[in-house]
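1. after the sequence you'll find the predicted model.
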Amino acid sequence: MTSILGLGYRRHWQDCLSKQRERDDRIKLLRASGYGEPLSAHERHIVDRHIESLVTGVKTSTLDPQDVLKAYGKVAVQAHEKTNCLTEVMVSAASQWLEKGTINLKGPLAGVPVSLKDTVVVGGFDATIGFSSFVGNQVPEDGPMARLLKDAGAVPYVKTNIPITLLSFESANDVWGRSTNPYNKKYTPGGSTGGEAALLALGGRVGIGSDVAGSVRVPAHFSGIYSLRCSTGRWPKTGTRTSIPGQEGVPSVCSPMARTMDDLLYFSKSIIKMEPWKYDHTVHPLAWRDSVEKEFADKVLKVGVMRTDGVVDPSPACTRALEMVEAALRDQGHDIVEIDPPSPFEGLYLGSQLLNADGCHMFKSFFRPGEWEDSGARQMSSLFSLPRPLKYLYYLWVKYFRRDDLWATLVKNWHPKSAYENWQLVAEREAYRMKWFDWWNEAGIDFLLTVPNATPAVPHDGMKHAVSSCGYTLLFNLVRSPIPKWVYSELSIVRASLITRPGCCRS
């Protein structure tokens, strides 16, 4: 047994080092080809242009897509040197795709470089999602997500870092290392799409992330960019890998991220207008409706404010940001109202049980001996694996000695669920969704405003102290946004455009 564990440990580090060398070699080749040089005036002009302007330039032949790729390749190299945000470096391959005509430069995203969360399957490149056991898992053909992007004219050029397990608001793993916040290297850029957020904050244009409990919203909040958690079935998802395949208790969605609000809107519209349901069976066949966008653009909105989830009150910085947005909306003439929605704690309780109904066995099955586990995810997995008698003693200690009823209630039933127990939880989830549906109709609000997270960006390994702060984002994956006036991307983007820059509470 010892020799088997030792072999697994050696194989783990061999694969980690091989991927790091591969990435370093690709970056060295780029630097030798001029990617290490400062941006020229022309390249700075390219990087400053919004997506729509880039597309127009490429389609009218006033911009060479190879020049656009090189400018953003330089940005990616610089951002990586500062934050360790990249995983797979695909710039050279992207240049060949352009030369060979693999990318449709007549599409709505013609020539636009798009960065991808490491989970997205691109032919010829790994999607390790931070597990050394996934090293070498590349397939020859693009997955549906990458194929759709190329058909739209987009140029996938880099993939970005994530936390191992994908279940943390940090981004670190043994395979690729730790990503840092673009403003302070002692802090995390967020997770699980954290490397993406760091790149976009430092000059990237648009990217693809995924979100099961806040994985595009929290990085946007921590790093100061824009993201949209799309409604379930509105954005393509097939063609990505995950650490928890088969998990359906809390729906995960792939979603867009961008440096600016204008880019987020244009990118989202472009993807929907590509009819993604023809690439992915999980997408609803619903076209982009300009009429809905126009209807809500000039409407006086009734905005409900959720100031706390009742579990972890927002920090002063986040409260200040919420108040800034509230004031901006009020100044624009919108109606701000206090609300009392169905218990957010109940949502956190159900979400935490359903998301890990397997007792964390699935993502733990991918670990090799000695592989590092994120401190936040480890807090969950260790409690889920704790024998029930010991867990009950822990529950009693938390409840009666620490006098923390909320945490005690959360962890009391953190154990692997039988099919019978899981079905019971799903039934409770559906009843909870109905509560939200009825409450939303009765409240008559157009959208709900709350903080993206209880805290600003946390120091590295800070999630071990902040696991229960995810209720502000997990809640809306659990309810699946099944609310009459908050279903489709058009409305979500219109509402988002009324709000100040995410991440304004980084301090």
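-> Structure's in. What do you need? Numbering: from 1, shown residues only.

2. burial check on A357, number of neighbours?
-> As a burial measure, A357 scores 25 neighbours (other C-beta atoms under 10 Å). In short, each C-beta sits where N, CA and C put it, glycine included.

3. residues contacting it?
-> Shown in contact with A357 (C-beta atoms under 8 Å, 6 or more residues apart in numbering): 247, 249, 416-417, 421-422, 425.

4. so where is this protein shaky, pLDDT-wise?
-> For the chain, the stretches flagged by pLDDT under 70 are 1-5, 481-507.

5. any idea which residue sits dead centre in it?
-> Nearest residue to the geometric centre of the chain (C-alpha atoms, centre = their mean): V216, 2.7 Å.

6. and V218, which helix or strand is it part of?
-> Counting by DSSP states H and E, the element that carries V218 is helix 217-223.

7. ok, then the element right after that helix?
-> Next along the chain after helix 217-223, taking DSSP H and E as the criterion, comes strand 226-227.

8. excluding its own residues, what touches that following strand? List them.
-> With contacts defined as C-beta under 8 Å, 6+ apart, strand 226-227 is touched by 193, 197, 209, 216-217, 219-220, 255-261, 263-264, 496, 501-502.

9. these in strands, which ones?
-> Judged by DSSP state E, strands contain the following of the contacts of strand 226-227: 209, 255-258.

10. out of the contacts of A357, who's the most crowded?
-> G249 (22 neighbours).

11. span of stretch 172-185 from start to end?
-> One end of stretch 172-185 to the other measures 13 Å (C-alpha to C-alpha, to the nearest Å).

12. all further residue positions should be reported with the first residue as 18.
-> OK, 18 is where the count begins now, so the last one is stretch 189-202.

13. how about that stretch: buried residues?
-> Of the residues in stretch 189-202, 189-200 count as buried by neighbour count, 16 or more other C-beta atoms under 10 Å.

14. okay, those residues in CSV with distance to C335 and secondary structure next?
-> Shown next, in CSV, are these (distance: C-beta to C-beta, whole Å; DSSP: H, G, I helix; E, B strand; the rest coil):
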residue, distance to C335, secondary structure
A189, 23, strand
N190, 27, strand
D191, 31, coil
V192, 32, coil
W193, 29, coil
G194, 28, strand
R195, 24, strand
S196, 22, coil
T197, 21, coil
N198, 16, coil
P199, 19, coil
Y200, 16, coil
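
15. turn those residues into TSV, columns for distance to L413.
-> Compiled in TSV, the buried residues of stretch 189-202 are given as follows (distance: C-beta to C-beta, whole Å):
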residue	distance to L413
A189	34
N190	35
D191	36
V192	40
W193	41
G194	40
R195	36
S196	39
T197	40
N198	39
P199	44
Y200	43
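
16. my guess is V192 contacts S149. True?
-> Yes - counting by C-beta atoms under 8 Å, S149 is a contact partner of V192 at 5.5 Å.

17. give the residues shared as contacts by these two.
-> In contact with both V192 and S149: 32-33, using C-beta under 8 Å, 6+ apart.

18. C-alpha coordinates for the helix holding V235, CSV please?
-> Backbone C-alpha positions of helix 234-240 (Å, rounded to 0.1, in the frame of the first residue of the first chain) are rendered in CSV as follows:
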residue,chain,number,x,y,z
ARG,A,234,-20.3,36.7,-9.8
VAL,A,235,-17.8,36.5,-7.0
PRO,A,236,-14.8,36.8,-9.3
ALA,A,237,-16.4,39.9,-10.9
HIS,A,238,-16.9,41.3,-7.4
PHE,A,239,-13.4,40.5,-6.2
SER,A,240,-11.6,41.7,-9.4
